[in-house]
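K.L.:
3D model of this:
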Amino acid sequence: MVANAKKVPAAISWEAEEYIVRDKTGWWYVGLAVVGILLVALSVWLQWWTFLAVVVLSIVALVIYVMRPPRLLRYSLSDRGISEGDNLRDYEEFKAFGILQEEGHFAIVLTPRKRFSPRMTVYFPEAQGEEIVDAFGARLPMEPVEMDLLDKLIKFLRI
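P.N.:
Okay, the predicted model is just below:
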């Protein structure tokens, strides 16, 4: 056995839901119905048939989306990158990472190198947080992150 052998860190694995489930009361659905009816009435009055189809399809898709429970995803970190299920993303795809805490949930937000690529948000359990943050910190610089306009809108609409 070689005395100065470099110790290879073990892969870190965890499971987390793909997004935060926000409680929706009956009033949320009533509000969605009222907004939908108003937009449908406007599109019929102005005879915007394409807009009518978009409104109806959007409302149906939104209801289906909010009724669907989040998937439980399996994540793992290795020397090559982060795996989400069978999909491996190399560390070189990202220029930095940050930590986001929202409603008691913790997430790593990975900022891509490509200009118009979306950020990757990975939720993780608080118990493994230090280990996960240290693993990312060994490979990427840490930057402060904040919720962008789309994230704030999604939170406000409770989607």
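
K.L.:
okay, Met10: pLDDT?
P.N.:
Quick fix: residue 10 is Ala, not Met. Note for Ala10: predicted pLDDT of 56.

K.L.:
what do you get for Val2?
P.N.:
41.

K.L.:
Please apply the same query to the one 4 residues further on.
P.N.:
As predicted, Lys6 sits at a pLDDT of 38.

K.L.:
likewise Trp14?
P.N.:
The model's pLDDT for Trp14 equals 93.

K.L.:
can you list the weak-confidence ranges in the chain?
P.N.:
1-10 (pLDDT under 70).

K.L.:
at 80 instead, please
P.N.:
1-10, 103 (pLDDT under 80).

K.L.:
where along it do the strands fall?
P.N.:
12-17, 72-77, 81-84, 87-90, 94-102, 105-112, 120-124 (DSSP state E).

K.L.:
closest to Val34 out of these?
P.N.:
strand 94-102 (27.7 Å; C-beta to C-beta). Where C-beta positions appear, they are placed from N, C-alpha and C, glycine not excepted.

K.L.:
Ramachandran angles for Asp148?
P.N.:
phi -80, psi 180 (degrees, to the nearest 10).

K.L.:
List the contacts of it.
P.N.:
With contact taken as C-beta atoms under 8 Å, 6 or more residues apart in numbering, Asp148 is in contact with Arg119.

K.L.:
Having no further points to raise, I will conclude here.
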